[in-house]
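> structure for the following, please:
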Amino acid sequence: MMVNIIRTGGYFLRSCRITGADTEISRIPIPIVFSGIVNLKANSNVMEKQSFGVMRNTTPGVFIMVLFLILPCCKVADTATGKPGENSLSKEEFRGVWLTSISNLDWPISFHQPVEEQQQDAIAILDSLKAIGINAVLFQVRAESDALYASSYDPWSYWLTGEQGRAPQPFYDPLSFMIRESHKRGMELHAWLNPYRVERKKGSYDLAGSNVSRREPDWILELQSRPDTIYTMLDPGLPEVRDYVTNVVVDIIRRYDVDGIHFDDYFYPGTPVTYEDSLTFRNHHNDISNIGDWRRDNVNRLIAQVHDSIQGIAPHVSFGISPSAIRKNRDAGTNGLEGYYSLYADGLAWLEERTIDYINPQLYFEIGHIRADYALLLEYWAQAAYDNQRHMYAGLSLFKLLPPIDWTLEKAVDQLTFSLVDRKVRGHVYFRTEHLLANIKGYTDVVRNELYRHPALTPVMPWKSMLPPPKVSQLAASWSSDGRIILTWAGNDPGQGEEKAARYAVYRIDLSSELFDRVTDAGSMATGVLSQSEALSPSEALSPSEALSPSESLPSSEVLLASEALINEILQARNIIDIIGQKQFVDRWPEHRTEAIYLVTSVSHNSIESSPVMIRAVRDGDSFSYSAL
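The predicted structure is shown next:
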């Protein structure tokens, strides 16, 4: 049997190929489940093909473990249906959704709602998103220079209370509420802001006296977006505006425990800007002669200023932007509206300057679209992010499942599954929450039951802190009268060389008592074997045929399960049963189960896990017991 891999960089394996007497499986996407076992550099752009027989710096025990991990991956991947196999599911994937407040699209559904109903709706939405497998909520908190939080700079949103500037009564802070409830469920909460917009349609409702356009009328541009519509926005060319928007962000990250700051694609509007900012250009041209280049520079300066402020105050907070799909038509062979010229937004510049952590282009086109092919746009943005060591999350348009566009289910699902094949794509964000929860044409069933059937951590960002959080303590289990096991544990404050725990991951492994006892007895032996192993030199490397022949079985379970490699194997996507913000987890215990091993890890803001704490739980008739491992 020959096992070969092709490696491109450190984020993914392009394919696995196995050939044997009766088997030939190729081009199956495989996540790097053994990151840290094989030394793959994330910034490597060199394509290297190698057999397992020539792995460097790998102990025999770990070498065996790699085979143990890879072979099941190729065996279970279902290429006929496109449904990922258990081992091809990613443990790290950004599974986000836009929660839109403007025009009461997602939440709140009406500004006439009583506060209690708003909160009940929010909890129901978050519960439903958690059940689907979503791990990040992009909550729109500033849509029109307003706020769905107690802002020091902008008035309360009209879309929250029906009157801009009026706080909810009885008082509560929706951003604080959403953060608390999202974190309870182990989900990230990103504050979504529009940096410049003041009014989509001037005069559609009364602005508060504290609105920035009332306080600083010289900062405002008015643009004719339609014959009967005036669009108003902050002037991006003014240094005071850049400072103002940056201060809005700084206020949020200082007072709220957000996981991210998110900007959408409304910079300069798609409505042509002509002479409206000519005076600003004359006074603040920054030695740039072309007004289009100057406008892009204004946006780039704001992005850099916001990024630097986040890095200086709360570096664990991620900063991302969702630009329109097409930057320039020449980038991906498209023929549509170019954000570079219409919105003066240059997503490639933000990636190259590394002033964002992720880019989330709104890829609202189907695969094979004649003017804007989803596949080509996805590859362009994924490669651009990968080349600059940043993340790319694809923005998906669920509203196109509805009339008049009326995509088929297959067309919409194809977008998602196509993205999953390319490991340069680190996740997805769905527009929008209402459509995802509506399960249009069964789309959400596919996501929940097939693609997201195991929870996932948000992707690690190697340029942020890689320090682990402290491991949990006092892990205990109890049995409830309704047939459930309740795990509880205590968190710990970070020590030197550690980060704060943001959430917890819970894993479960079902083992028979006989196998468990054999593992326990073999523990010291396996540890000794692995500690005495030396790295293979090229001359000592096993050939592929020596590594594993079709007639040979894998090494004994005792050695595999007792080694450190076992922990790496257990802490995989297929074994995660929950990611949670609370220090308690309840698991249903089916009648046929007699015992299980539970592992709990602390998880940092950057999805770095602590070493696991484990217990063995045993149910024998009416008797229940657990023991620490």
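
> ok, Y380 - contacts?
Y380 makes contacts with 331-332, as judged by Cβ atoms under 8 Å, 6 or more residues apart in numbering. For glycine as for every other residue, the C-beta is placed from the backbone atoms N, C-alpha and C.

> mind listing what the residue most central in space within the chain touches?
The residue lying closest to the centre of the chain (Cα atoms, centre = their mean) is F94, at 1.8 Å. Going by Cβ under 8 Å, 6+ apart, F94 touches 135-136, 358, 391, 393, 426-429, 458-459.

> distance of it relative to R503?
15 Å (Cβ to Cβ, to the nearest Å).

> got it, and A596?
Taking Cβ to Cβ, one finds A596 at 22 Å from R503.

> I109 now?
Distance of I109 to R503, computed by Cβ to Cβ: 29 Å.

> what does K424 give?
The gap separating K424 from R503 is 26 Å, by Cβ to Cβ.

> more neighbours: the two, which one.
Higher neighbour count among K424 and R503: R503, with 26 against 20, using other Cβ atoms under 10 Å.

> ok so that one is a helix residue?
No - using DSSP: H, G, I helix; E, B strand; the rest coil, the secondary structure at R503 is strand, not a helix.

> touching, it and I579? I think so.
Yes - with contact defined as Cβ atoms under 8 Å, R503 counts as touching I579 (5.8 Å).

> overlap in contacts of those two?
Here R503 and I579 have 186, 603 as joint contacts, going by Cβ under 8 Å, 6+ apart.

> buried ones in the helix or strand encompassing L599?
When secondary structure is defined by DSSP states H and E, L599 falls within strand 595-604. Buried residues in strand 595-604, counted by 16 or more other Cβ atoms under 10 Å: 595-604.

> next one: stretch 569-582
Across stretch 569-582, burial judged by 16+ other Cβ under 10 Å covers 569-576, 578-581.

> for stretch 246-260, same thing?
Buried, per 16+ other Cβ under 10 Å, within stretch 246-260: 246, 248-253, 256, 258-260.

> and for stretch 117-129?
Applying a neighbour-count criterion of 16+ other Cβ under 10 Å, one finds 118-119, 121-122, 125-126, 128-129 buried in stretch 117-129.

> what about the strands in the stretch 501-629 of the chain?
For the stretch 501-629 of the chain, applying DSSP state E, counting those that start in this stretch gives strands covering 501-509, 576-580, 584-588, 595-604, 613-620, 623-628.

> what's the helix or strand for the closest residue to E216 other than its chain neighbours?
Leaving aside its sequence neighbours, E216 sits nearest to E240 (Cβ to Cβ, 6 or more residues apart in numbering; 7.6 Å). According to DSSP H and E, E240 maps onto helix 239-255.

> tell me the helix or strand right after that helix.
Counting by DSSP H and E, the next helix or strand C-terminal to helix 239-255 is strand 260-263.

> name the helices or strands packed onto that following strand?
Applying 3 or more Cβ pairs under 8 Å, 6 or more residues apart in numbering; DSSP states H and E, one finds that strand 260-263 contacts strand 136-142, strand 188-193, helix 239-255, helix 291-313, strand 318-321.

> now the ones you listed as CSV including mean pLDDT?
Listed next are the helices and strands packed on strand 260-263 as CSV, based on pLDDT from 0 to 100:
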stretch, mean pLDDT
strand 136-142, 98
strand 188-193, 98
helix 239-255, 98
helix 291-313, 98
strand 318-321, 98
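
> hey, which of the ones you listed is tucked in deepest?
For those, the largest average neighbour count (mean count of other Cβ atoms under 10 Å) is found in strand 136-142, namely a mean of 26.

> dump the helices and strands packed on strand 260-263 into JSON lines; add distance to L363 as well.
Formatted as JSON lines, those follow (distance: least, Cβ to Cβ, whole Å):
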{"stretch": "strand 136-142", "distance to L363": "16"}
{"stretch": "strand 188-193", "distance to L363": "18"}
{"stretch": "helix 239-255", "distance to L363": "26"}
{"stretch": "helix 291-313", "distance to L363": "21"}
{"stretch": "strand 318-321", "distance to L363": "14"}
